[in-house]
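[1] Quick one, what's the 3D model for this:
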Amino acid sequence: MSSSAGPAGRASAPGTPAADPLAPLAALPGVPEAVESVRKAVDRAYGHRVMRRRSSEVSAEAALRGARASAALDGADWALEEVRRRSDFSVDGEPRTVGAALRVTAESGQLLDVWQQSPLRVLARLHLVAAGRVAPDETVGRPRHAGEQVEGPDLGLALPSGDEVAARLDGLTQLVTGGTSVPALVTASVVHGELQVLRPFGSYNGPVARAAERIVLVGSGLDPKAICPAEVGQAEQGRDVYLHALRGFASGTPEGLAEWIAHCGRAVELGVRESTAVCEALQRGAA
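    Numbering: from 1, shown residues only. Just a heads-up that it's a prediction; the model follows:
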């Protein structure tokens, strides 16, 4: 967004009751329809007969496919079987990108309880896990300082200053810890978009942002078994579409915000489709 206060950081006027800062976003044109479409798609997936006895297998496959897709969005577009086969994720370049995505996806499931109390702790942990030992110790797991560079794919967006990052992360923290009544899709979209636009860390901001979205979707109860990998849907729609929608979010306009939320909703639905295919394969004995 163009201002120093994104959707997560707009405070109420002094002396007035605190309002839900995301409520206006939930009412934007097309957003209620996206929310309802996602809810129905997720409900259908959870109603599949395979989910009664083999949900853990579906969850594991969804995590793997989500991580593969997250890495693809950052330029390491490996075939799924390649991700299964490889183990050399400490090698510079694409292997390290894939390894970071695998690690943060796995770690996100361990941080659900912490997120509601301390989202910054979760983000720090995700970055630490993503970076491994490649970044200088003093920059891992903390928001970047003024003048520090950011590694990663070019998003075509201006990089916010260190002060703006700090202010907007504080707003995001208040939003998460204060609670919100809006549907999970809206909250998850804002968390994802805000972290991608801010790029608060010196590296691996994409995997961290997408893992944070996963945490919101799972922790909210929309996708409690983590079988709806939104990352798969983001990658399937293509990086160019992803960046176009992200720029809409960054613009801060009602149209741009609505487009981003709808885009994220479509990504969840495509993730649902992926896991439904996994369920069908398991049912046929083909997986």
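[2] if I look at the spatially most central residue of the chain, how far off is Val38?
    In the chain, the centroid-proximal residue (CA atoms, centre = their mean) is Arg210; its distance is 2.3 Å. Distance from Arg210 to Val38, counting by CB to CB, to the nearest Å: 16 Å. To be clear about C-beta, it is placed using only N, CA and C from the backbone, and glycine gets the same treatment.
[3] rewinding a little: just confirm the residue nearest to the centre of the chain contacts Gly233, I think it does.
    No. In this structure, Arg210 is not within contact of Gly233 by CB atoms under 8 Å, at 10.9 Å.
[4] And the residue nearest to the centre of the chain, how close does it get to Pro21?
    22 Å.
[5] before we move on, what about Glu61?
    36 Å.
[6] quick one, phi psi at Gly221?
    For Gly221, the backbone dihedrals (degrees, to the nearest 10) come out as phi 90, psi -10.
[7] in terms of contact, does it touch Ala184 like I think?
    Yes. The criterion here is CB under 8 Å, and Gly221 meets it with Ala184 at 7.4 Å.
[8] Look at the two and report which has more neighbours.
    Ala184 (22 against 8; other CB atoms under 10 Å).
[9] Quick one: residues contacting the more buried one.
    216-217, 220-222 (CB atoms under 8 Å, 6 or more residues apart in numbering).
[10] hang on, the earlier thing: and whichever helix or strand the residue nearest to the centre of the chain is part of, what does it pack against?
    For Arg210, the host element (DSSP states H and E) is helix 205-219. Where contact means 3 or more CB pairs under 8 Å, 6 or more residues apart in numbering; DSSP states H and E, helix 205-219 is packed against helix 51-73, helix 94-108, helix 112-117, helix 119-131, helix 184-198, helix 230-237.
[11] what angle do it and helix 184-198 make?
    Orientation check (axes from the mean of the first three to the mean of the last three CA atoms, to 10 degrees): helix 205-219 against helix 184-198 gives 160 degrees.
[12] ok, back up a step: for the residue nearest to the centre of the chain, give its distance to Gln234.
    7 Å.
[13] Between those two, which contacts overlap?
    Joint contacts of Arg210 and Gln234 (CB under 8 Å, 6+ apart) are 70, 73.
[14] Which residue comes closest to Gly162 once chain neighbours are left out?
    Residue nearest to Gly162 in three dimensions, not counting chain neighbours: Ala146, with 3.9 Å by CB to CB, 6 or more residues apart in numbering.
[15] element containing the one you found?
    Per DSSP H and E, Ala146 falls between elements, in no helix or strand.
[16] pLDDT below threshold where in the stretch 151-287 of the chain?
    Low-confidence segments of the stretch 151-287 of the chain (pLDDT under 70): 286-287.
[17] Pull the number of nearby residues for Val191.
    Using other CB under 10 Å, the number of residues around Val191 comes to 26.
[18] And the one 5 residues further on, by the same measure?
    The local packing of Gln196 (other CB under 10 Å) involves 25 other residues.
[19] thought it was touching Leu246?
    Yes. Using CB under 8 Å, Gln196 is in contact with Leu246, at 5.8 Å.
[20] any residues in contact with both of those two?
    Leu155.
[21] Quick one: buried ones out of the contacts of Ala184?
    216-217, 220, 222 (16 or more other CB atoms under 10 Å).
[22] Please convert those residues to a markdown table, extending it with distance to Ser55.
    Shown next, in a markdown table, are the buried ones among the contacts of Ala184 (distance: CB to CB, whole Å):
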| residue | distance to Ser55 |
| --- | --- |
| Val216 | 20 |
| Leu217 | 16 |
| Ser220 | 18 |
| Leu222 | 15 |
